[in-house]
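# Just need the structure, nothing else, for what follows:
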Amino acid sequence: MFEQLSALPDDPILGLMAAYREDPNTNKVDLGVGVYRDNDGNTPILDSVLEAQRRHNEQESTKSYIGPPGEAEFNRAVQALLFGTNSSVLAAGRVSSAQTPGGCGALRVAAELIDRARPGATIWVSDPTWANHVPLLSDAGLAIKSYPYFDRQTSGLLFDDMMATLDQVSAGDLVLLHGCCHNPCGVELNNEQWGDIATLAANRGFTPFIDIAYQGLSAGIDEDAFGLRCIAEQVPEMLVASSCSKNFGLYRERVGSLAILSKTSSESAAVLSQMLNVIRGIYSMPPNHGGAIVKTILNDEQLTTQWCNELAQMRDRINGLRDDFASKLAAQIGENRFDFIREQRGMFSFLGINEAQISRLRDEFSIYMVDSSRINVAGLNSHNIDYVCSAIGDVL
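Numbering: from 1, shown residues only. Now for the predicted structure:
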């Protein structure tokens, strides 16, 4: 059977990780892998997470299964985090959700559920979008189309082109939107633009699908959920895939959530039954440990405050790095070519340099990034930023 299979090329990010590990250069810099790093290059465990983990370990009395939906307290807490504690759609019982193995698990469960409700449905994704969106969604049978988003000439937003395309989207199609901190380009929608999209979705009848993997890393927990909440108040149906990997630093715990907004509470109950049936047929039920940590933090006022403070430190560090990086590049090359980096949010930006220059950065300076020139800003720190800016100046 398996002799018919041929080897596939390495995933670009995974291949980059391997090349970086094998590089003996003591000055090597990893700007490719999308994890948060502190000033020493580490991906730290938050103090709030350590305390929640300690409490959970002391109180845990069983290793039995937690069931396909995950823990009810986790689901309620994450719903409030996403939709807001005073959300009218939560009060109306229109939201059903389940804990998933990371944001990837949420996206795949959503795709399988969509295909069950509307076989072969079309989902529109931004150009560009996160590389794993397409396989996660299309492998479940969904058709993928794209709408304009990132202007590669200005490193800004093609909002008019985006809206013109979405104005042609058929009722019943889905539109995938990055809730904040767009991956890979870092260009966000502002509040007015979110309002325009919400109105368009309501008028055209397409279903918004929000992927929010970085809530709290742009402007704040509530600020980063503005678009999601704005749309929820105007449309009958919506899907939300969220992740706790970045804002809680729980990458290896694989904690995510899929929340679905339905027209009525009775429809929401039916959707939940179908969602749980899909989950049962894929991975049966989620792991517990990471979700228990998130639940413990979000259901304790002191831990929530501590987590919010730590998240603010991460956010301020990233935004500060953006300013510092743009300033140092301007000083290095004598022009403000990279000022767009200041305006973008989240961990990612495209540098806008070509593949030959990217290869030189890797081969001559051991600075690693993917061939699209997407960099993880959090990979910069006080020890390497001058080296990186000097190297970029050289290859330019």
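
# for the chain, which helix is longest?
As assigned by DSSP state H, the longest helix anywhere in the chain is helix 301-333.

# What helices and strands are in contact with the helix or strand just after that helix?
Once the chain leaves helix 301-333, the next helix or strand it forms, by DSSP states H and E, is helix 340-343. Counting contacts by 3 or more Cβ pairs under 8 Å, 6 or more residues apart in numbering; DSSP states H and E, helix 340-343 packs against helix 301-333. Where you see a C-beta, it was placed from the backbone N, CA and C, and this is true even at glycine.

# Could I get the full set of strands for the stretch 101-250 of the chain?
122-127, 143-148, 150-151, 156-157, 174-178, 207-212, 238-243 (DSSP state E, counting those that start in this stretch).

# Let's see the strand or helix carrying E267 as CSV, backbone CA atoms only.
In this assignment (DSSP H and E), E267 forms part of helix 265-282. Taking C-alpha atoms only, helix 265-282 is exported to CSV below (Å, rounded to 0.1, in the frame of the first residue of the first chain):
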residue,chain,number,x,y,z
SER,A,265,-31.2,29.6,20.8
SER,A,266,-33.0,26.5,19.5
GLU,A,267,-30.9,26.5,16.3
SER,A,268,-27.8,27.0,18.5
ALA,A,269,-28.7,23.8,20.4
ALA,A,270,-29.0,21.9,17.1
VAL,A,271,-25.7,23.3,15.8
LEU,A,272,-23.9,22.3,19.0
SER,A,273,-25.2,18.7,18.6
GLN,A,274,-23.8,18.6,15.1
MET,A,275,-20.5,20.2,16.2
LEU,A,276,-20.1,17.6,18.9
ASN,A,277,-20.8,14.8,16.4
VAL,A,278,-18.1,16.2,14.1
ILE,A,279,-15.7,16.3,17.0
ARG,A,280,-16.5,12.7,18.0
GLY,A,281,-15.6,11.6,14.5
ILE,A,282,-12.3,13.4,14.4
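
# thinking again about what came up before, now for the strands of the stretch 101-250 of the chain, which one comes closest to G379?
strand 238-243 (19.2 Å; Cβ to Cβ).

# got the angle between the next helix or strand after the closest one and strand 238-243?
As assigned by DSSP H and E, the chain's next helix or strand after strand 238-243 is strand 255-261. Orientation check (axes from the mean of the first three to the mean of the last three Cα atoms, to 10 degrees): strand 255-261 against strand 238-243 gives 170 degrees.

# Check which helices and strands strand 255-261 is in contact with.
Strand 255-261 sits against helix 72-83, strand 95-101, helix 102-117, strand 238-243, helix 265-282, helix 289-298, with contacts defined as 3+ Cβ pairs under 8 Å, 6+ apart.

# Would you mind listing the buried residues in the fifth one?
Applying a neighbour-count criterion of 16 or more other Cβ atoms under 10 Å, one finds E267, S268, V271, L272, M275, L276, V278, I279 buried in helix 265-282.

# Please report how far the last one lies from A198.
Plainly put, I279 is 29 Å away from A198 if you go by Cβ to Cβ, to the nearest Å.

# cool, D161 as well?
From D161 across to A198, the span is 19 Å (Cβ to Cβ).

# where are the low-confidence patches of the protein?
For the chain, no stretch has pLDDT under 70.

# Name the nearest residue to the residue positioned nearest the centre of it, sequence neighbours excluded.
Nearest to the geometric centre of the chain sits A213, at 2.7 Å (Cα atoms, centre = their mean). With Cβ to Cβ, 6 or more residues apart in numbering as the criterion, A213 has its nearest non-adjacent residue at 4.2 Å, and that residue is S243.

# What of F338?
Leaving aside its chain neighbours, F338 sits nearest to L329 (4.4 Å; criterion: Cβ to Cβ, 6+ apart).

# Compile the buried residues of helix 265-282 into CSV and extend it with columns for distance to T305.
Below are the buried residues of helix 265-282 laid out as CSV (distance: Cβ to Cβ, whole Å):
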residue, distance to T305
E267, 36
S268, 31
V271, 34
L272, 31
M275, 32
L276, 33
V278, 36
I279, 33
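
# Go through the residues you listed and name the one nearest R54.
For the buried residues of helix 265-282, the minimum distance to R54 (Cβ to Cβ) is 29.5 Å, reached by I279.

# so that closest one touches P68, yeah?
Yes. Assessed by Cβ atoms under 8 Å, I279 is found in contact with P68 at 4.5 Å.

# shared neighbours of those two, anything?
Taking Cβ atoms under 8 Å, 6 or more residues apart in numbering as the criterion, I279 and P68 both touch A98, M285, P286.

# Of those, select the buried ones using a PyMOL command.
Selecting only the buried entries of the shared contacts of I279 and P68 in PyMOL, with 16+ other Cβ under 10 Å as the criterion:
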select buried, resi 98+285+286
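
# What is the nearest of the shared contacts of I279 and P68 to L31?
The closest of those, once distances to L31 are taken by Cβ to Cβ, is P286, at 31.7 Å.

# N57 versus the closest one, what's the distance?
19 Å.

# Same check on P128?
Counting by Cβ to Cβ, the gap from P128 to N57 is 41 Å.

# of these two, who's got more company?
Neighbour count, other Cβ atoms under 10 Å: between P128 and N57, P128 has more, with 18 against 11.
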